[in-house]
Structures are given as C-alpha cells and as structure tokens.
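Participant: Quick check, what structure comes out for this input:
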Amino acid sequence: MQDQAEQRTDINTLGEFGLIEHLTRQFPLENSASIKGVGDDAAVIDNTGFLTVVSTDMLVEGIHFDLMYSPLKHLGYKSVAVNVSDIYAMNAQPKQITVSIALSNRFSLEALDELYEGIRLACKHYGVDLVGGDTSSSNRGLILSITAIGQGTAEKMVYRNTAKIGDLICISGDLGAAYLGLQILEREKQLFLSNPGIQPDLEAQNYIIGRQLKPEARMDIIEMFEKNQLVPTSMIDISDGLASELFHICTQSGVGAFLEESGIPIHPDTELQAIKFGLDPATCALNGGEDYELLFTINPKDVDKIRFLPDIYIAGEIVEAKDGINLHTKGGNIHALKAQGWRHFEG
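Facilitator: Now for the predicted structure:
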C-alpha cells in the first residue's frame, strides 16, 4: 500500500469550487454573529451594537516565510495568529477570518490539507470562524492573504494615537526570541544547502524556534484587561520590533518616550543564544520583530491593576515630544532610540 505521506493529488482534479469546499468542510460556524459563511457570494456578519474591526495581512513565500523550515501546518496556524493579534491590539475580539491563497502547481491537495489543518486549529484556539476567501494560481510559490474581522465597544477600543504624557509603557511576554529562532533556522538552511547530507542542529532551542514558527497572539492579555477593568491609553502589537512600534505610538500620539533597558523582558534562552551569536540581547528585543506581544500604555492611576498581573512588565514612561524617544541603558547611559525593525520594501 502506498504510504499516505507519498500520496499526491493534483488540485486541478477538484476545480476551484471543489477545492474551496474540500478545504473548508471542517470549519463549522461557532459565533452567533456569523450568519452566512463559505458557500455564497459574500459572508454575512451581524455586529449590531458593536464596532467592527478589520485587519488584513499578506504572507508571501520567500519574503515572510521559507518552506524549507516552515511546516505547512505551522504556517497555517501562524497566518491566523498574526492577523488576530492586530484585532487584540485594538482591545477587541476577533470573530471571523477570510483566507485567500495563490499557489503554484507544485502544491498538492495533501499539502493544502496540512496548511488548512493549521488554520483550523488556530480558528478553534482563538474562537474565530472561517467565513470566506478565494483561491488563485501563482506563477511560483505560495501567497496567503488573511483578513481578520473583530468586534469591540466604543468605550473600550484602543488606538495608537492616544498615549498621554505621564502614561506608563508596558510590554507583555518577552521579546527577541522569534528573531533568534529565525537566525538558527537560516543558519541550518545554509548548512543544508552546502551539504544536503548534514543533520540539522537546532541546539534544543525549542522555545525560541517555537516563537518563530508558531507564535501566539495574546488573547489572554486582553482577557486580563477585561477581568481587571483596565483599558490601556494606547496599544500596538509588536510585529516589527519594539523600537519600531514605540515610534508608531509616539509619532501618532505626538509624544516622546523614555524606555528603560532593564524593563525590556527577555527570556533566558533568548539572552544566552544572543550572546552565543555575538549579538546584544537588548538589540534583538528592540529590533527583531515577529514576537506578536503587546506594547501598550496605561494611566499611572491604573498601575495597581497590572502590578501583580502575570507576564506584564512596566518598561518606561511617555514624555513630551521635545524630549525625544530615548533608551536608558543598564550602564546608566541615555541614547536616542532608533527604529531598525522590519522594512517591508527593502531588498
């Protein structure tokens, strides 16, 4: 009997609508707001009484992911997580997603099943419904475009442009791990290309590699905000590096910032791996990106609401714009912070 892993079904045998039906058959609607999902000309969503929040991200093979070391199931999961992270960054709840893909003929039906299994698992974890999308051919590679749709209330919605002087700067989780996980994976890719017989050495770095291949959006932080009746004064998710995201908040809010290096949360595995690579752990945290943690500011009067909450760290203060955006190092020096995170259109 042919091994299941060796089976390859040409997607052309299904046709476009047959393929969509095949890929979405395991996605029942769970949210009452999802009136009509896949199978009609458009999805129907009832968000009566709530503000609708929409965010779209595109992931392009060779730019945002490399299938030499990104399993398709992980890629499917990650593609959903990075999109719902944008919804959480508005202090809203994701409810639906649409998934559009363009792919070359090198992808089999079995490969797409793996991709959509990851998408399904993420939908289940974050409580969102797949309600539509599109499929198309690509001259080469794989392109994923996901739109996340969420809902929130006007009084609890949080934006980037509402930070106030005196607000405290807070960070969830830890930073820099995803960047270092990528460095390990890229190193092993280059070694494999030069010697295909070599066995990969991931140095048992499950945590930092997992942060790259399967990040999690911080649904739990938004739930803690609700439970503790806390509404941040501004918020953004950390996809392009802490420094870049802090610049976004400060620029749009017309303020400056004073960031303490000692307040930037870094996992011990991240710190050790950075040192092994001859890198500064703080620089990795500031500029690495893809952590999908939350950077937010709070009114100082709310400090007692977060003081004892797990996985939240106070890392600085919002100041007047004329004071600039500065980093106070552990050595006692003050440096003007630079945003050197991911630049989408540079070669």
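Participant: Thought residue 213 was touching residue 70, still the case?
Facilitator: Yes: counting by CB atoms under 8 Å, residue 213 is a contact partner of residue 70 at 6.2 Å. (C-beta placed from N, C-alpha, C; glycine too.)
Participant: hey, what's in contact with both of the two?
Facilitator: residue 78 (CB atoms under 8 Å, 6 or more residues apart in numbering).
Participant: Quick check: buried residues in stretch 119-134?
Facilitator: Of all the residues in stretch 119-134, those buried under the rule 16 or more other CB atoms under 10 Å are 119-123, 126, 128-133.
Participant: pLDDT of it, averaged?
Facilitator: Average pLDDT, stretch 119-134: 94.
Participant: Stretch 70-85 now?
Facilitator: Stretch 70-85 comes out at a mean pLDDT of 96.
Participant: Could you give me the buried positions within that stretch?
Facilitator: Of all the residues in stretch 70-85, those buried under the rule 16+ other CB under 10 Å are 70, 72-85.
Participant: what's the answer for stretch 305-317, then?
Facilitator: For stretch 305-317, the neighbour count (16+ other CB under 10 Å) marks 305-306, 309, 312-313, 315-317 as buried.
Participant: Would you check how far apart residue 58 and residue 112 are?
Facilitator: The gap separating residue 58 from residue 112 is 18 Å, by CB to CB, to the nearest Å.
Participant: Comparing those two, which residue is more hemmed in?
Facilitator: Legend: neighbour count by other CB atoms under 10 Å for residue 58 and residue 112, higher for residue 112 (22 against 13).
Participant: Next SSE downstream of the host helix or strand of the more buried one?
Facilitator: Assigned by DSSP states H and E, residue 112 belongs to helix 109-126. Downstream of helix 109-126, the next assigned helix or strand under DSSP H and E is strand 129-137.
Participant: and the helix or strand following that next one, how far out from the chain's middle?
Facilitator: Counting by DSSP H and E, the element after strand 129-137 in chain order, helix or strand, is strand 142-152. How far strand 142-152 lies from its chain's middle: 12 Å, per CA atoms, centre = their mean, to the nearest Å.
Participant: returning to that earlier point: how about the buried residues of stretch 119-134, which pair is most distant?
Facilitator: The span of the buried residues of stretch 119-134, defined through CB to CB, is set by 121 and 132 at 19.2 Å.
Participant: wait, doesn't residue 240 sit right on residue 289?
Facilitator: Yes: using CB under 8 Å, residue 240 is in contact with residue 289, at 4.8 Å.
Participant: sorry, back to before: now, the buried residues of stretch 70-85 that are in helices?
Facilitator: Using DSSP state H, the members of the buried residues of stretch 70-85 that fall within helices are 72-85.
Participant: Now the two most distant members of these.
Facilitator: Pairwise distances across those (CB to CB) peak at 20.4 Å, for the pair 72 and 85.
Participant: Leaving out the residues flanking it, which one is nearest to residue 215?
Facilitator: Closest residue to residue 215 apart from its sequence neighbours, by CB to CB, 6 or more residues apart in numbering: residue 292 at 4.6 Å.
Participant: One more: residue 155?
Facilitator: Spatially, and ignoring its direct neighbours in sequence, residue 155 is nearest to residue 231 (7.6 Å; CB to CB, 6+ apart).
Participant: Tell me which helix or strand the one you found sits in.
Facilitator: Residue 231 is part of no helix or strand when elements are defined by DSSP H and E.
Participant: quick one: low-confidence ranges for the stretch 151-300 of the chain?
Facilitator: Along the stretch 151-300 of the chain, the model assigns pLDDT under 70 to no residue.
Participant: how about the strands in it?
Facilitator: For the stretch 151-300 of the chain, the strands defined by DSSP state E, counting those that start in this stretch occupy 168-172, 234-238, 256-260, 293-298.
Participant: is it possible to export those strands to CSV including distance to residue 334?
Facilitator: Below are those laid out as CSV (distance: least, CB to CB, whole Å):
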stretch, distance to residue 334
strand 168-172, 15
strand 234-238, 23
strand 256-260, 8
strand 293-298, 20
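Participant: wait, which of these is closest to residue 179?
Facilitator: strand 234-238 (11.2 Å).
Participant: and the closest residue in space to residue 150 that isn't next to it in sequence, what is it in contact with?
Facilitator: Nearest residue to residue 150, sequence neighbours excluded (CB to CB, 6+ apart): residue 87, at 3.7 Å. By CB under 8 Å, 6+ apart, the contact set of residue 87 is 53, 55, 93-94, 148-150.
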